[in-house]
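Student: Pasted the sequence and its predicted model underneath.
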Amino acid sequence: MERRTMRKLALACLLLVTGIASADAEEATTSDYGCSSLETLASPKAVEGKDGFFFSVDDDIRMPLIGGQPMVSNIATLSRQLAARGTTLVYVPVPSKGQVMSAMLPDSAFALGFEADASRQLYDDFISQLRTADVTAVDLLTPLSAAGTEAPAFYRSAEYWSDHGARIAAKAVANAVMALPGYGAADHTTFETLMYGPVLRPSPMRKALQAFCVKNLPPVTGHVFQTRPVEGSTAGDQDAAPAALIGTQFSRPEFSPFTGFFEEFSALQTASYAVAGDDPLAAMIQYVKSQAFRSDPPAFLVWEAPVASARSGLQAIGWSILLAAAGSECQPLPAAGMPSGAPGLSVDMRKVANPGASVLMISTVDDTMSADAASQSMVDHIDLRTTDSKGKERHLRISADGQLAANGDFFVPLRPLSSEGLLDLSVVPDGKADAPLQLFLCTPPAVRTQ
């Protein structure tokens, strides 16, 4: 009797869940734009919210955990490294569209893993932990959320902020910079921003989703802006600007006028090094190894970093590379020519203590070269071969993709190659035998992963 009752209860629960799922499915098929399969077949997978707002399932709803103590520790370490060079890091975690426009999410967002209050708390905790670690961190969620829906902070069919959102964010970041102790001593320039006619901004999201919708999705329409020094005020050399901006598509001029707005509000000439895409870690690695940073580091380094861009897997390696590149803990690694006489260098790794704690820096450019000569000297690939204590050989071919080999330097964390101990290592530049190859062993601060 008891078993029969349990079976009835189980069946009732199943019918209830099925009914809810059917209702959700029916609701999901209702679209103001005749869209279908957005959540299953589109790339990025998306959901249609209220009033024509579209959201990425992965970045806006099933977003990765924000921050956490390991992330805070790594950012704080970077901040200290930059401070040793006279640069103040201003960390700007950009909240996701789902966090800012949570009122526009569909009811199905909760079932997909989004909870507005919990998401807000995670962001607030991240900001608080960064500030406790003496990192200048800017809260953008509060001012962006206050924008409302009349002049929304994000475009309806794009994943980045609108012109209005960029202006709000720039004001918040400028206020944070102007409150820093070193701001008064910086060179100030009075800027003005002029607005011209409308412009259609690129939106990979809109382009991808349109194939699954009958009606045209809302266009991503912004305006053309020009930020310039006011009459009687002049800006200096861009390479010697007191502020530098490292960021993603949120800061690229074709997507957003954020940099110009920041210059206007902060009165600081700003050199922008924003990259296409959404990888702030790669953008920062590229910048700290650039000649611009090496020769004349800025007083303020603004790092615009979308919270939804955190990816597992390469994060620990990326941070190892960044902290090695940003620090000055790199020492020349004694090397000999290849035994065969071929181009390249060979290293007896038995003389290196604890190589697993180090990052190998392979420089293919002489710092005394001119920019043109350095560009011509850079190699496309590096071939790395190692032999461990058990005689196992490994061969890695590393591409200079502009992110992990910025300015002609390649960085290779040795931990994955050192589990069985290293006997020898050889490095061969691909295609340019006359490249001025130099090896350095960098010992970055410990990277937090958990």
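Tutor: All right, it came through fine.
Student: Show me where the chain dips below the pLDDT cut-off.
Tutor: Within the chain, the set of residues satisfying pLDDT under 70 comprises 1-29, 63-65, 235-239, 310-314, 328-329, 365-378, 400-408, 431-436, 446-450.
Student: Where does residue 222 sit: helix, strand or coil?
Tutor: Assigned with DSSP: H, G, I helix; E, B strand; the rest coil, residue 222 falls in the strand class.
Student: Show me what counts as buried in stretch 308-328.
Tutor: Buried residues in stretch 308-328, counted by 16 or more other C-beta atoms under 10 Å: 308-310, 315-327. C-beta: built from backbone N, CA, C; applies to glycine.
Student: Just those residues: which are in helices?
Tutor: Those of the buried residues of stretch 308-328 mapping onto helices are 315, 316, 317, 318, 319, 320, 321, 322, 323, 324, 325, 326, per DSSP state H.
Student: returning to that earlier point: nearest to residue 275, of the buried residues of stretch 308-328?
Tutor: Taking C-beta to C-beta as the measure, residue 275 lies nearest residue 309 of those, at 11.5 Å.
Student: Check whether the closest one really touches residue 279, as I assumed.
Tutor: Yes: counting by C-beta atoms under 8 Å, residue 309 does reach residue 279; the two are 6.2 Å apart.
Student: Can you tell me how far the spatially most central residue of the chain is from residue 351?
Tutor: With distances taken as C-alpha atoms, centre = their mean, the chain has residue 280 as the residue nearest its mean C-alpha position (1.6 Å). Distance, residue 280 to residue 351, by C-beta to C-beta, to the nearest Å: 37 Å.
Student: can you check residue 326 too?
Tutor: 27 Å.
Student: Kindly report the same for residue 141.
Tutor: 51 Å.
Student: which of these two has more neighbours?
Tutor: residue 141 (21 against 8; other C-beta atoms under 10 Å).
Student: number of nearby residues for the residue nearest to that one when sequence neighbours are not counted?
Tutor: For residue 141, ignoring the flanking residues on the chain, the nearest one in space by C-beta to C-beta, 6 or more residues apart in numbering is residue 95 at 4.3 Å. When neighbours are defined as other C-beta under 10 Å, residue 95 has 28 of them.
Student: next structured bit after the host helix or strand of residue 193?
Tutor: Element membership of residue 193 [criterion: DSSP states H and E] is strand 191-200. Using DSSP H and E, the helix or strand that follows strand 191-200 towards the C-terminus is helix 204-210.
Student: Now do the buried residues in that following helix.
Tutor: 205, 206, 209, 210.
Student: same deal with stretch 227-247?
Tutor: 227, 235, 241, 242, 243, 244, 245, 246, 247.
Student: likewise stretch 129-141?
Tutor: Those would be 129, 130, 133, 135, 136, 137, 138, 139, 140, 141, for stretch 129-141 by 16+ other C-beta under 10 Å.
Student: Please, which helix or strand holds the closest residue to the third one other than its chain neighbours?
Tutor: Once its chain neighbours are removed from consideration, residue 133 has its nearest residue in residue 76; the separation is 4.0 Å (C-beta to C-beta, 6+ apart). Using DSSP H and E, residue 76 sits in helix 69-83.
Student: Report the distance from that helix to the chain centre.
Tutor: 15 Å (C-alpha atoms, centre = their mean, to the nearest Å).
Student: just to revisit the earlier point, right, and out of the buried residues of stretch 227-247, which lies closest to residue 294?
Tutor: Residue 294 lies nearest to residue 244 out of those, by C-beta to C-beta, at 12.6 Å.
Student: Assign a three-state SS to the closest one, would you?
Tutor: strand.
Student: mind listing what it touches?
Tutor: Contact analysis of residue 244 by C-beta atoms under 8 Å, 6 or more residues apart in numbering lists 270, 271, 272, 273, 287, 292, 293, 298, 300, 301, 302.
Student: repeat that with 6 Å
Tutor: 271, 298, 301 (C-beta atoms under 6 Å, 6 or more residues apart in numbering).
Student: how close does the second one sit to residue 39?
Tutor: If you measure residue 298 against residue 39 using C-beta to C-beta, the figure is 43 Å.
Student: what's the spacing between the helix or strand just after the helix holding residue 76 and its chain's center?
Tutor: Sequence order places strand 88-94 as the next helix or strand after helix 69-83, per DSSP H and E. The chain centre lies 11 Å from the centre of strand 88-94; the measure is C-alpha atoms, centre = their mean.
Student: What of stretch 333-353?
Tutor: Using C-alpha atoms, centre = their mean, the offset of stretch 333-353 from its chain centre is 35 Å.
Student: So which bits of it are buried?
Tutor: Buried residues in stretch 333-353 (16+ other C-beta under 10 Å): 333, 335, 343, 344, 345, 346, 347, 349, 352.
Student: same question, stretch 147-167
Tutor: Of the residues in stretch 147-167, 147, 152-167 count as buried by neighbour count, 16+ other C-beta under 10 Å.
Student: What of stretch 58-69?
Tutor: 59, 60, 61, 63, 66, 67, 68.
Student: From residue 123, how far out is the fifth one?
Tutor: To tie it back to what came earlier, the one meant is residue 66. In terms of C-beta to C-beta, residue 66 sits 6 Å off from residue 123.
Student: coming back round to it: turn the ones in helices among the buried residues of stretch 308-328 into TSV, including distance to residue 257.
Tutor: Output for those, formatted as TSV (distance: C-beta to C-beta, whole Å):
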residue	distance to residue 257
315	30
316	35
317	34
318	29
319	31
320	35
321	31
322	28
323	32
324	34
325	30
326	29
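Student: Go through those residues and say which is closest to residue 187.
Tutor: residue 326 (24.0 Å).
Student: Just give the number of residues close to the closest residue in space to residue 79 that isn't next to it in sequence.
Tutor: Using C-beta to C-beta, 6+ apart and skipping residues adjacent in sequence, the residue nearest residue 79 is residue 89, 4.3 Å away. Neighbour count for residue 89, taken as other C-beta under 10 Å: 22.
Student: re the thing from before, so for residue 298 and residue 39, which residue has more residues nearby?
Tutor: When residue 298 and residue 39 are compared for neighbours, residue 298 comes out ahead with 25 against 17, by other C-beta under 10 Å.
Student: which non-adjacent residue is nearest the more buried one?
Tutor: residue 244 (4.2 Å).
Student: so how far is residue 191 from that neighbour?
Tutor: Distance from residue 244 to residue 191, by C-beta to C-beta: 16 Å.
Student: do residue 137 as well
Tutor: From residue 137 to residue 191 the distance is 25 Å (C-beta to C-beta).
Student: do the same with residue 77
Tutor: 33 Å.
Student: where along the stretch 51-200 of the chain do the strands fall?
Tutor: 54-56, 88-94, 136-137, 191-200 (DSSP state E, counting those that start in this stretch).
Student: Domain parsing of this structure, as residue ranges.
Tutor: Following automatic domain parsing, one finds the domains of the chain at 65-100+116-209+217-311, 329-442.
Student: Packed most tightly, which of those would that be?
Tutor: domain 65-100+116-209+217-311 (a mean of 19; mean count of other C-beta atoms under 10 Å).
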